[in-house]
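> Provided below for reference: sequence and predicted model.
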Amino acid sequence: MGSGELAQQRVIVALDVPDEESAIALVDRLEDVTFFKVGLELFTSTGPKILEMLKSRQKSIFLDLKFDDIPNTVAGACRSAARYGVDLLTIHATCGREALKAATEAAQVGAAQAGVKPPKLIAVTLLTSISARQLAFDLKIPLELPEYALEMALMAQESGLDGVVCSPQEVVQLRQSCGDDFLLVCPGIRPTWADKADQKRSLTPAQAIVAGANYLVIGRPITTAADPELAWKRISEDLSAIA
Ligand SMILES: O=C(O)c1cc(=O)[nH]c(=O)n1[C@@H]1O[C@H](COP(=O)(O)O)[C@@H](O)[C@H]1O
């Protein structure tokens, strides 16, 4: 595989910026990046026009709005979001089984109504900013963290979702339990030279790919770097070394 190919196929750059102008500036600088994530900050600021900007540049889109509500409401949100024709869409597993099933069906309906390809619907198992200690002491979950993440992933799979968002540290276990066709999308990715900031359960890009992640979501190590193109290049080279 040529230099940079693995990164182009498997790395999603998180556009966590405050406005359209900053997003366009980054997308245009990072011309080798093929897949971008639009999350709560940018979508709340710009609305759907940011998706049109990315489509006009032939980019793949992960719309990360992390829906978390009652079944009727998440179903409506997924129906609406699926009409945008995005590639990936998120919901929190903690919505519960009934909401996850309703969301899955609604995403299909929304996409069919709009005549677009349905998004892959993926559930957040446990945010990568939560440590084992916080899970126990703040969230009062009486399970070991890997077990909790696995339970969330299995519920998502049984509810018909295409995959989950999980920490790279849980990928080996989830891959083993959920099989090869279940998408494992991993944020919390940190090259050795990058600041961990609020991420608690991280691995390097190469470690996450070797563990079996389908996609890596990387934001600040690239987007807040003094030279984002150089940061992307370093990550691409690290990944080429394992290809
Ligand atoms: O759903 C997500 O994408 C997500 C889930 C999760 O558990 N942890 C997590 O960091 N994310 C997102 O992944 C991105 C990580 O960004 P950086 O920490 O800057 O690399 C952010 O946009 C988060 O919103």
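Thanks, I have it.

> CA atoms for contacts and neighbours, from now on please.
Noted.

> where exactly do the strands run in the protein?
Counting by DSSP state E, one finds strands in the chain at the ranges 11-14, 35-38, 60-67, 88-92, 120-124, 163-165, 183-186, 215-218.

> I'd like those strands as a markdown table, with distance to A132, mean pLDDT and mean neighbour count appended.
As requested, the strands of the chain are exported to a markdown table (distance: least, C-alpha to C-alpha, whole Å; pLDDT from 0 to 100; neighbours: other C-alpha atoms under 10 Å):
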| stretch | distance to A132 | mean pLDDT | mean neighbour count |
| --- | --- | --- | --- |
| strand 11-14 | 25 | 98 | 25 |
| strand 35-38 | 27 | 99 | 23 |
| strand 60-67 | 21 | 98 | 21 |
| strand 88-92 | 18 | 99 | 24 |
| strand 120-124 | 16 | 99 | 26 |
| strand 163-165 | 17 | 99 | 27 |
| strand 183-186 | 17 | 98 | 26 |
| strand 215-218 | 21 | 98 | 23 |
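
> Identify whichever of those strands lies nearest to the ligand.
Closest to the ligand of those is strand 215-218 (C-alpha to the nearest ligand atom; 4.0 Å).

> which outside residues touch the closest one?
Contacts to strand 215-218, defined as C-alpha atoms under 8 Å, 6 or more residues apart in numbering, come from residues 10-14, 37, 184-190, 205, 208-209.

> and it, which strands flank it?
If you go by DSSP bridges, strand 215-218 pairs up with strand 11-14 (parallel), strand 183-186 (parallel).

> Let's have the ones you listed in a markdown table, adding distance to L30.
Output for the strands paired with strand 215-218, formatted as a markdown table (distance: least, C-alpha to C-alpha, whole Å):
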| stretch | distance to L30 |
| --- | --- |
| strand 11-14 | 9 |
| strand 183-186 | 20 |
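
> Return only those of the contacts of strand 215-218 found close to the ligand.
Subset of the contacts of strand 215-218 in contact with the ligand: 14, 187-188, counting by C-alpha under 6 Å from any ligand atom.

> how about these in a markdown table, adding distance to L161?
Converted to a markdown table, these look like this (distance: C-alpha to C-alpha, whole Å):
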| residue | distance to L161 |
| --- | --- |
| A14 | 22 |
| P187 | 18 |
| G188 | 22 |
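
> and which of the residues you listed is nearest to G4?
Checking those against G4 by C-alpha to C-alpha gives A14 as the nearest, at 17.9 Å.

> For the closest one, give me its contacts.
By C-alpha under 8 Å, 6+ apart, the contact set of A14 is 36-39, 217-220, 223.

> go with 10 Å
The neighbours of A14, taking C-alpha atoms under 10 Å, 6 or more residues apart in numbering as the test, are 23, 35-39, 42, 62, 64, 187, 216-220, 222-223.
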